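Undergrad: Need the 3D shape of this:
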Amino acid sequence: MYRIYFNREPDPEGFEYWNTGGGSGNPVDQLAQIFIDAASVYDQVVLENKAVVASHYTSLYKSYDRDAVKAVLETVDNTQASVDAAIQTINDNYTAAPRRTARRRRALSLPTTLRQPTQR
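TA: Residues are numbered from 1 along each chain as shown. Take a look at the predicted model:
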């Protein structure tokens, strides 16, 4: 879940905490919200950008291809360029008539001083 949300591996201490330490007692169905609530500013931007791309996808498609969505969302990071590229990929592969006109939302951007390199 962590890798999908933040496009990176968890730090070793955090991984240990959530797997066998104090965080391991949390119900699995609540982990997603816990991760979101505890996300750093950088990670919050990544999540918001993924939400922008996912919203664009769902505005066009009545159903979805899980593998296609996953592949596109894996390319999204904390930059507007990654959002633009992902939306372009969706648009390039879209063939059916849209349900409604999709509005393109502007993704969040971090000040340069807060940006961290994307780890893959």
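
Undergrad: ok, now which ones touch the residue nearest the centre of the chain?
TA: In the chain, the residue lying closest to the centroid (Cα atoms, centre = their mean) is Lys50, at 3.4 Å. Each residue near Lys50 by Cβ atoms under 8 Å, 6 or more residues apart in numbering is listed here: 5, 73, 76. Placement of C-beta: from N, CA and C, glycine included.

Undergrad: Model confidence at the closest residue in space to Pro10 that isn't next to it in sequence, what's the number?
TA: Distances taken as Cβ to Cβ, 6 or more residues apart in numbering place Tyr2 nearest to Pro10, at 4.8 Å, with adjacent residues excluded. Tyr2 is assigned a pLDDT of 75 by the prediction.

Undergrad: any idea how far Tyr2 is from Ala68?
TA: Taking Cβ to Cβ, to the nearest Å as the measure, Tyr2 falls 22 Å from Ala68.

Undergrad: my guess is the residue nearest to Pro10 meets Asp11, correct?
TA: No. The pair Tyr2 / Asp11 is not scored as a contact, 10.0 Å apart, by Cβ atoms under 8 Å.

Undergrad: So for those two, which sits in the more crowded spot?
TA: Relative neighbour count places Tyr2 above the other of Tyr2 and Asp11, with 16 against 10, counting by other Cβ atoms under 10 Å.

Undergrad: For the chain, give the helix that spans the most residues.
TA: Looking across the chain with DSSP state H, the single longest helix is helix 41-60.

Undergrad: What residues of it count as buried?
TA: 42-50, 52-54, 56-57, 60 (16 or more other Cβ atoms under 10 Å).
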